[in-house]
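Novice: requesting a structural model of the entry that follows:
(one chain, ligands or ions: 1)
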Amino acid sequence: VTEPVSSDAPLIRDISDTARWAAWCRAVESERPDALFHDPLAKILAGEQGPAIEAAMNKGRGSTVSSLVVRTVSFDTMILDRLAEGGIDTVVNLAAGLDTRPYRLALSEDLRWIEVDLPDLIAFKEGCLADAKPLCHVERVALDLAEADPRRQLLAAIGDRSKGSLVLTEGLLLYLDSALVTALARDLAAIPAMRSWLMDLLHPALLPHVVRSWNSQEAGSATIPRFAPEGGAEYFRPLGWSLHHWVSARDEAERLDRPIAPAGPALSDAQREAARIMNTYVRLDRSEGQEPLPPN
Ligand SMILES: C[S@@+](CC[C@H](N)C(=O)[O-])C[C@H]1O[C@@H](n2cnc3c(N)ncnc32)[C@H](O)[C@@H]1O
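Specialist: Numbering: from 1, shown residues only. As a prediction, the model looks like this:
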């Protein structure tokens, strides 16, 4: 199933088109002889829109592929490490987009994997993957996470069926305003089964650069990056979540040999250290024995 690119519509029509872009990046990596992962479904899911967005958003400024690939590999590792620790029967992938981990990671067949995204995206994905066989039990839920009551009802229903859940928000929080991130964090903390939460976080010093590089002719205001909290993971502590560990995207890019920063003059030690924290992949665990602070 592919959706034709219409010439007069903006290229990124809505936030869900960023998922097609991400899928295209995973498709490109999958075709490398030294691919770090193989996502054979990604090319189909990216459709025509995925490569068109990558080409338009990066005119002459490199590529998004490496940073997306580094994020994918890092999340793969953090997910598998958390599952190996035990106590998790359910993965809740909020804003799952066109991610296909249930089809490509070595997962236990009794793991429940719940994907949540906006209705059109879920319908498109269901259509594309109708004949594909996941390695674990997959459920998809069409839901706008900005709608408080349906969001809370869904999380409560997942909590009723789970003894331990791992939550993923990969490539989501950046696009949300802080009130929604705060509400989501509180709602997750209110469900005891929600044990760990993996997210990517941008440093506030990097946000203006990311916003500038975002080609606003191609992307509507709904997709402008906006959430990059002062204090990083500390933002979530009063909301019931404690930092377990973080990984630097820059370090991971070096380790994996997928450069994400343009080559330039060598950095001083201080500059290097500052660069390490600009973009991070973070694991939070629910703070045991500490109630989240009530909303103001
Ligand atoms: C950049 S994509 C990331 C998708 C996927 N996690 C990945 O890493 O490939 C952002 C995703 O967030 C979803 N999204 C954005 N706002 C949402 C909302 N309010 N409710 C549900 N999904 C949302 C979009 O539909 C899109 O699939």
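
Novice: ends of stretch 32-41, how far apart?
Specialist: 15 Å (C-alpha to C-alpha, to the nearest Å).

Novice: can we start the residue count at 32 from this point?
Specialist: In the new count, where the first residue is 32, that last one comes out as stretch 63-72.

Novice: okay, buried residues for that stretch please.
Specialist: For stretch 63-72, the neighbour count (16 or more other C-beta atoms under 10 Å) marks D70, L72 as buried. (Glycine included, C-beta is placed from N, CA and C.)

Novice: how about that stretch, does it reach the ligand?
Specialist: No. Applying C-beta under 6 Å from any ligand atom, one finds stretch 63-72 separated from the ligand by no less than 10.2 Å.

Novice: repeat that for stretch 278-290.
Specialist: No. Stretch 278-290 stays clear of the ligand (C-beta under 6 Å from any ligand atom), getting no nearer than 13.5 Å.

Novice: for that stretch, which positions count as buried?
Specialist: V278, S279, A280, R281, E283, A284, R289.

Novice: send me that stretch as PDB with only the CA atoms.
Specialist: Written as PDB, here are the backbone C-alpha positions of stretch 278-290 (Å, rounded to 0.1, in the frame of the first residue of the first chain):
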ATOM      1  CA  VAL A 278      23.100   7.500  26.500                       C
ATOM      2  CA  SER A 279      24.600  10.200  24.400                       C
ATOM      3  CA  ALA A 280      23.500  10.200  20.800                       C
ATOM      4  CA  ARG A 281      26.800  11.600  19.800                       C
ATOM      5  CA  ASP A 282      28.800   8.800  21.600                       C
ATOM      6  CA  GLU A 283      26.500   6.200  20.000                       C
ATOM      7  CA  ALA A 284      27.000   7.700  16.600                       C
ATOM      8  CA  GLU A 285      30.800   7.500  17.000                       C
ATOM      9  CA  ARG A 286      30.600   3.900  18.400                       C
ATOM     10  CA  LEU A 287      28.300   2.800  15.500                       C
ATOM     11  CA  ASP A 288      30.200   4.800  12.800                       C
ATOM     12  CA  ARG A 289      27.100   6.700  11.700                       C
ATOM     13  CA  PRO A 290      28.300  10.300  12.000                       C
END
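
Novice: so for that stretch, what's the average pLDDT?
Specialist: Stretch 278-290 shows an average pLDDT of 94 in the prediction.

Novice: so which bits of the stretch 82-231 of the chain are right by the ligand?
Specialist: 126-128, 130, 148-149, 152, 175-177, 201-203, 206.

Novice: rerun that using 8 Å as the cut-off
Specialist: 99, 102-103, 106, 124-130, 147-149, 152, 174-178, 199-203, 206-207, 211 (C-beta under 8 Å from any ligand atom).

Novice: what lies in contact with the helix or strand where G190 lies?
Specialist: Using DSSP states H and E, G190 sits within helix 179-192. Helix 179-192 is contacted from outside by 121, 123, 143, 145, 147, 172, 174-176, 196, 214-215, 218-219, 221-225, using C-beta atoms under 8 Å, 6 or more residues apart in numbering.

Novice: and these, which are buried?
Specialist: 121, 123, 143, 145, 147, 172, 174, 176, 196, 214-215, 218-219, 222, 224-225.

Novice: the one residue in the stretch 32-181 of the chain that gets nearest to the ligand: what secondary structure?
Specialist: For the stretch 32-181 of the chain and the ligand, the shortest gap (C-beta to the nearest ligand atom) falls at G128, measuring 2.4 Å. Three-state assignment for G128 (DSSP: H, G, I helix; E, B strand; the rest coil): coil.

Novice: which residues touch it?
Specialist: S47, T49, A50, A53, A54, D148, L152, G202.

Novice: same thing with W144?
Specialist: Counting by C-beta under 8 Å, 6+ apart, the residues that W144 touches are T121, V122, N124, R132, P133, L138, P165, C167, H168, V169, E170.

Novice: need phi/psi at the third one.
Specialist: Dihedral pair for N124: phi -100, psi 100, per degrees, to the nearest 10.
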